[in-house]
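> The following block contains a protein sequence and its predicted model.
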Amino acid sequence: MDFTLPEGLPPGRFVSSGSTCVWVADELPCDVDGVWRPLLSRQEDTGLVPLLGGTFLGRPTDLAEISAVRLEDVLASDFAEYRRQRLPWWTDPTPEPVPEGIAPWPHDPGPPFETWPGLAPATPVTGADPTPADAAARTIGHLIATNPHALAGCSLVLVPAQHSADIPALLGWDADAPLPLVCALLRSWE
């Protein structure tokens, strides 16, 4: 399944894995920032999220699996289990032995709460705040200006997605955690 591409792109090709189809530039444009910024600013109109990365299409995850994650419940349960496992270390003030030549860490008393406090509330957006697209473009511009080789090996990729948080699932990224949970957490940050 191909999609309509915006104007001004360098040469590229469509790549697919399962039901996921992305567009990948043949080479990273010399003026990455000049191509990147317009793509970011038009992503709501085009439905295409620009990505600078490799072509790492694996087995895509169904987006319904992300929507099915009860993030608060999972995080509360995980916090309770973490607290249960770590409580013996937090309540024992005896320092753990450390190898010679290594400075010991100060005693960790654990978190200042006994139950999961919940996700942090969203902060209000003001007119002075940059848009997500502006912040991303500024970050890429800074990266290029301070380390021109940072993008070596990267490709310009366009991913059809409603949420940038869904990109790992759509591309089938290999993660140490379940992709639906990772993407649900990313969605909570959006």
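Ah, there it is. Since the structure is predicted, the reported quantities are computational estimates derived from the model, not experimental observations. Numbering: from 1, shown residues only.
> model confidence over stretch 165-178, on average?
Mean per-residue pLDDT for stretch 165-178: 88.
> just how off-centre is it within its chain?
Its chain's C-alpha centre and that of stretch 165-178 lie 9 Å apart, by Cα atoms, centre = their mean, to the nearest Å.
> again, but for stretch 120-129
20 Å.
> Which parts of the protein are helices?
32-41, 43-46, 63-67, 71-91, 132-146, 167-171, 179-189 (DSSP state H).
> Helix 179-189 and the fourth one, what's the angle between them?
What that stands for is helix 71-91. 100 degrees (axes from the mean of the first three to the mean of the last three Cα atoms, to 10 degrees).
> Next, the buried residues of helix 71-91.
Neighbour counts using 16 or more other Cβ atoms under 10 Å place 75, 79, 83 of helix 71-91 among the buried residues. Glycine gets a C-beta too; all of them are placed from N, C-alpha and C.
> Which neighbouring elements make contact with it?
The contact analysis (3 or more Cβ pairs under 8 Å, 6 or more residues apart in numbering; DSSP states H and E) places helix 71-91 against helix 179-189.
> The helix it packs on - contacts with which helices or strands?
Helix 179-189 packs on helix 63-67, helix 71-91, helix 167-171, going by 3+ Cβ pairs under 8 Å, 6+ apart.
> hmm, who's touching that helix?
Under the criterion Cβ atoms under 8 Å, 6 or more residues apart in numbering, residues 61, 65-66, 68-69, 71, 74, 119, 163-166, 168-169, 172-173, 175 lie in contact with helix 179-189.
> 7 Å instead, please
61, 65-66, 69, 71, 74, 119, 163, 165-166, 168-169, 173, 175 (Cβ atoms under 7 Å, 6 or more residues apart in numbering).
> before we move on, the earlier item: can I get the helices and strands packed on helix 179-189 in JSON lines including distance to residue 159?
Converted to JSON lines, those look like this (distance: least, Cβ to Cβ, whole Å):
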{"stretch": "helix 63-67", "distance to residue 159": "12"}
{"stretch": "helix 71-91", "distance to residue 159": "22"}
{"stretch": "helix 167-171", "distance to residue 159": "5"}
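> out of those helices, nearest to residue 49?
helix 167-171 (6.2 Å; Cβ to Cβ).
> helices or strands next to the closest one in the packing?
Packed against helix 167-171 by the contact rule (3 or more Cβ pairs under 7 Å, 6 or more residues apart in numbering; DSSP states H and E) you find strand 155-160, helix 179-189.
> picking that back up, relative to residue 123, which of the helices of the chain is closest?
Comparing the helices of the chain by Cβ to Cβ, helix 179-189 comes nearest, at 11.6 Å.
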